[in-house]
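Asks: how would this look folded up:
(chains A and B)
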Amino acid sequence: MMLRLIRDRLDEYRESLKKRGSDFPLERLLELDDRRRKLIQEINGLRHQKNILEQEIARKIRSGAEAIEKDKVKTLDEQIKQKENELSKVEEQINSLQLVMPNFVESSVPVGPDESYNVVVRTWGEAGKTGPDHIDIGLKLDLIDLERAAKTSGARFYYLKRDLVRLNYALIAYGLDFGVRKGFTLLQPPYMLRRAIVESAVDLSAFEDAIYKIENEDLYLLTTSEHAILGYHYDEILDEKDLPLKYVGISPCFRKEAGAHGRDTKGIFRVHVFEKVEQFIYSKPEDSWKHHEELIRNAEEFFQSLEIPYRVVNVASGELGACAAKKYDLEVWLPGQNKYREAVSCSNCLEWQAIRAKIRYRKGNELNYVHTLNSTLVATERALIAIMENHYQPDGRIKIPRPLVPYMNGQEYIEPQKV
RNA sequence: GCCGGGGUCCCCUAACCUGGUAUGGGGCAGGCCUGGAGAGCCUGUGGCCGAUAAGGCCUUGUGGGUUCAAAUCCCACCCCCGGCGCCA
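Replies: Modelled structure (predicted):
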């Protein structure tokens, strides 16, 4: 299906691969597809002959005659079997290529191999403030324990303590209410998914680098509720009048971070488990770019309400990931690191995921693939870092952002522990 | 986990025992009819190959097997419902 799309827009697709710097073997895939189509034609012809023979046999048996063509059917069966074996080998190769086949690249995406080619779209708030990092603050106020987490679970784990636990749940509760106000439907998904579901949502490289597998089961721990929300409508036909479908998911996210050795090793910035409130939209194709802007604007409004300075970047073609045709990152200012760091990722996957997940919609008499879009609303551990570092007061307290105060039972500051 | 019942096209449903190429209804789309609407009637409704043709192949939860032939018989697995057991 993705193949047909690519055959229709072959030049554009070659250009997209070039922009990504992808070494995807497109020519080989096209050759295999030609071979596949030829085999299907041959098999269809043989099956047609077989069907005709079978009907003759049935007719003869009904009229009481002895059926004598059985050996002819056997010969056909052998020929069919042989072609089918070849076909299934070809299809196997096609499938494994399709699992790593990247999406198109949208024309407004900056072309370049790495993040240095990202283009800043806009900035909000006063960046440049410096101060202690979340680890120092967390230790000083007894809000984070990393050593004991290392003892129980290893690197990249953490215990949150005291008011930071409450602040985490306040962020989640605020994020969910925020999503509902924006017209999204809340969804708390299963935290484990079958392989087929995960494969429809990601490219293969994600499996090795990110995904934890449950032993002896066809189940994988969620890396983001995005995948579970895509799976929600797996193999379904939606009605045009129900689109767009907007969901906000809440779940923990489990990530191996296998490809990230040595990066962000301290603190709770890059960890194996974190909570995330996620926006997801199933859209009609003609509306998906409008919704892409809507999703990033929602995330921006959320971080503005927390009074955290940020910038939005248009991610360069080489950093997109296979699924996305365009991706915005929202990067928050972290005084402890003296730089902007990624807190939100907002992608338009076009029909890439929908084709793999077989999600279509009915428009009058025809069926079309939907477009899917996803964006973080808030990954709470990273937001906690941003709050701790940006709202740290000279007197050693952390000011709780206004919208979270009601979720903290009116509490306005996190106070240092009295010794 | 155990015992029983079940999974058919977008939805519902017939055929399953007794193997012969998936029935009917609803919805939706188009057409006829109408001043207009409704009712009624007709046609279409998934996937693949092919030129958007003609035509053909495939499709009854998934994968195997028996057979000239499988929705139908056999085996394994998945899921749903009911009962029992276990459990935060």
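Asks: can you report how many residues neighbour A:Ile6?
Replies: A:Ile6 has 20 neighbours, counted by other C-beta atoms under 10 Å. Any C-beta I mention is one placed from the backbone N, CA and C, and that applies to glycine too.
Asks: so which helix or strand takes in it?
Replies: helix A:2-8 (DSSP states H and E).
Asks: which elements pack onto that helix?
Replies: helix A:26-62, helix A:70-98, helix A:352-357 (3 or more C-beta pairs under 8 Å, 6 or more residues apart in numbering; DSSP states H and E).
Asks: want to try a markdown table for the ones you listed, with distance to RNA strand B as columns?
Replies: Formatted as a markdown table, these follow (distance: least, C-beta to the nearest atom of the strand, whole Å):
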| stretch | distance to RNA strand B |
| --- | --- |
| helix A:26-62 | 3 |
| helix A:70-98 | 4 |
| helix A:352-357 | 10 |
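Asks: close to RNA strand B, is the helix holding A:Ile6?
Replies: Yes: counting by C-beta under 7 Å from any atom of the strand, RNA strand B has neighbours in helix A:2-8: A:Arg4.
Asks: give me the angle between the very next helix or strand once past that helix and helix A:26-62.
Replies: Where DSSP H and E defines the elements, the next helix or strand beyond helix A:2-8 is helix A:10-20. Between helix A:10-20 and helix A:26-62, the angle comes out at 130 degrees (axes from the mean of the first three to the mean of the last three C-alpha atoms, to 10 degrees).
Asks: hmm, back to that, may I see the buried residues of the helix holding A:Ile6?
Replies: Neighbour counts over helix A:2-8 (16 or more other C-beta atoms under 10 Å) mark A:3, A:5-6 as buried.
Asks: and for that helix, what's in contact with it?
Replies: A:13, A:26, A:29-30, A:33, A:94, A:98, A:101, A:351-352, A:355-356 (C-beta atoms under 8 Å, 6 or more residues apart in numbering).
Asks: could you dump those into JSON lines with distance to A:Ser88 added?
Replies: Converted to JSON lines, those look like this (distance: C-beta to C-beta, whole Å):
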{"residue": "A:Tyr13", "distance to A:Ser88": "26"}
{"residue": "A:Leu26", "distance to A:Ser88": "22"}
{"residue": "A:Leu29", "distance to A:Ser88": "17"}
{"residue": "A:Leu30", "distance to A:Ser88": "19"}
{"residue": "A:Asp33", "distance to A:Ser88": "15"}
{"residue": "A:Ile94", "distance to A:Ser88": "10"}
{"residue": "A:Gln98", "distance to A:Ser88": "15"}
{"residue": "A:Met101", "distance to A:Ser88": "20"}
{"residue": "A:Glu351", "distance to A:Ser88": "26"}
{"residue": "A:Trp352", "distance to A:Ser88": "25"}
{"residue": "A:Ile355", "distance to A:Ser88": "21"}
{"residue": "A:Arg356", "distance to A:Ser88": "20"}
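Asks: are any of those buried, and which?
Replies: Among those, the ones that count as buried by 16+ other C-beta under 10 Å are A:13, A:26, A:29, A:33, A:94, A:98, A:101, A:351-352, A:355-356.
Asks: which positions in chain A make contact with RNA strand B?
Replies: Contact residues, chain A versus RNA strand B (C-beta under 7 Å from any atom of the strand): A:1, A:4, A:37, A:40-41, A:43-45, A:47-48, A:50-55, A:57-58, A:61, A:67, A:70, A:73-74, A:77, A:237, A:362, A:364-367.
Asks: can I get the buried part of those as one PyMOL selection?
Replies: Restricted to buried positions by 16+ other C-beta under 10 Å, the PyMOL selection for the residues of chain A next to RNA strand B reads:
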select buried, chain A and resi 43+50+53+57
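Asks: from the contacts of helix A:2-8, which is closest to A:Val120?
Replies: Closest to A:Val120 out of those is A:Trp352 (26.1 Å), distances taken as C-beta to C-beta.
Asks: next one, pLDDT for the nearest residue to the closest one once chain neighbours are set aside please.
Replies: Residue nearest to A:Trp352 in three dimensions, not counting chain neighbours: A:Asn103, with 4.3 Å by C-beta to C-beta, 6 or more residues apart in numbering. Turning to A:Asn103, the model gives it a pLDDT of 95.
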